[in-house]
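S.K.: please find the sequence and the predicted model below.
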Amino acid sequence: MHGKFITIEGGEGVGKSTQIGRLKDFVAGQGVEVVVTREPGGTHRAERIRELLLETSDEPMPSTCELLLMFAARSTHLENVIQPALARGACVICDRFTDATYAYQGGGRNLSTENIATLERMVQGTLRPDLTLLLDAPLDISAARASARNTAAGTSDRFEQERRDFFERVRAAYLDRARQEPKRFAVIDATESLEAVTVAIQQAIAERLLKLSPAPRS
Ligand SMILES: Nc1ncnc2c1ncn2[C@@H]1O[C@H](COP(=O)(O)OP(=O)(O)O)[C@@H](O)[C@H]1O
Ligand SMILES: Cc1cn([C@H]2C[C@H](O)[C@@H](COP(=O)(O)OP(=O)(O)O)O2)c(=O)[nH]c1=O
């Protein structure tokens, strides 16, 4: 039996973390084992790579180094967390995955989509998410939410320090991917209230993954 692989994507501040908590409860309520994880990260080693990716430093980060680190983290995350969970029938909910690489490193950094696709095949083989929830909002809204959150936390990471045009390209690249793969993507209007977004996500799950595979009985 193979579990379902759900990814949540979108720019900073669209509400991914908030909705993942709710989604976890919704899926678990259906009697399915749920594994919530994130990228970059999700394992000890991948979280160490995440620190390298997010820290600000005087040493400029070449875009190619950034791309390779994303896939290095993804490789150990897949091997040690995602694939074993799917193999035992769990539903994996991942905060960002390879669509983020196409959006940030492809759209944001202007790296070649072909090279990203090559790394994707190398690291993932044929594994792709069953459903990708793209939380979409105009930059004015998502940036205001992210900045309110970051002010409260007192920090902003290396990506959050990028300029507006970077995030415009990220958003456009995400929407482009959603248009290319309409069966896998559900685009959710993240400008709505927390409650309305939660309902839209639950509807997308019900429509796209009608039956979540139950965890095997022990
Ligand atoms: N639909 C919404 N309406 C209003 N505020 C929201 C909504 N979704 C999230 N927020 C708030 O916006 C901020 C960023 O949300 P968060 O879930 O951390 O976003 P992300 O994980 O996508 O960066 C948080 O303070 C959160 O409470
Ligand atoms: C997975 C992934 C993330 N990222 C970036 C997007 C985020 O700015 C950063 C960390 O992700 P995350 O902490 O999930 O961002 P936030 O909660 O602020 O929305 O990593 C990439 O550039 N490429 C990738 O492949």
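M.R.: Everything's here; your move. Ligands and ions are numbered 1, 2, ... in the order given.
S.K.: pLDDT at Ala146, what is it?
M.R.: pLDDT for Ala146: 87.
S.K.: typed the wrong thing, it's Ala215
M.R.: 55.
S.K.: get me the contact residues on the protein for ligand 2.
M.R.: 12, 16-17, 38-40, 70, 95-96, 100-101, 104-105, 159 (CB under 6 Å from any ligand atom). Every C-beta, even on glycine, is put in place using the N, C-alpha and C of the backbone.
S.K.: check the gap between the nearest residue to Arg184 once chain neighbours are set aside and Asp58 for me.
M.R.: Spatial nearest neighbour of Arg184, chain neighbours left out: Thr132 (5.5 Å); criterion: CB to CB, 6 or more residues apart in numbering. Thr132 sits 36 Å away from Asp58, going by CB to CB, to the nearest Å.
S.K.: okay, these two: which has more neighbours?
M.R.: Between Thr132 and Asp58, Thr132 has the larger neighbour count (other CB atoms under 10 Å), namely 25 against 4.
S.K.: closest to the centroid, which residue in this protein?
M.R.: Arg96 (1.0 Å; CA atoms, centre = their mean).
S.K.: which ones are touching the residue nearest to that residue when sequence neighbours are not counted?
M.R.: Excluding the flanking residues, the one nearest Arg96 by CB to CB, 6+ apart is Glu39, at 4.7 Å. Applying CB atoms under 8 Å, 6 or more residues apart in numbering to Glu39 gives the contacts 46, 70, 73-74, 77, 94-97, 100.
S.K.: could you do Lys24 as well?
M.R.: 34, 36, 93.
S.K.: PyMOL command to pick out the buried ones of those residues?
M.R.: Applying 16 or more other CB atoms under 10 Å to the contacts of Lys24, the buried members can be selected in PyMOL as follows:
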select buried, resi 34+36+93
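S.K.: hang on, the earlier thing: for Ser17, see how far away the residue nearest to the centre of the chain is.
M.R.: For Arg96, the distance to Ser17 - CB to CB - is 10 Å.
S.K.: cool, and Arg177?
M.R.: Counting by CB to CB, the gap from Arg177 to Ser17 is 21 Å.
S.K.: neighbour count: the two, which is higher?
M.R.: Between Arg177 and Ser17, counted using other CB under 10 Å, Arg177 has the larger neighbour count: 21 against 12.
S.K.: pretty sure that one contacts Val187?
M.R.: No. Between Arg177 and Val187 there is no contact under CB atoms under 8 Å: 10.2 Å.
S.K.: doesn't Leu134 lie inside a strand?
M.R.: Yes. Leu134 forms part of a strand when assessed by DSSP: H, G, I helix; E, B strand; the rest coil.
S.K.: confidence score at it?
M.R.: 98.
S.K.: I'd assumed Arg184 was in contact with it.
M.R.: No. Counting by CB under 8 Å, Arg184 is not a contact partner of Leu134; they are 10.0 Å apart.
S.K.: burial of Glu55, as a residue count?
M.R.: 11.
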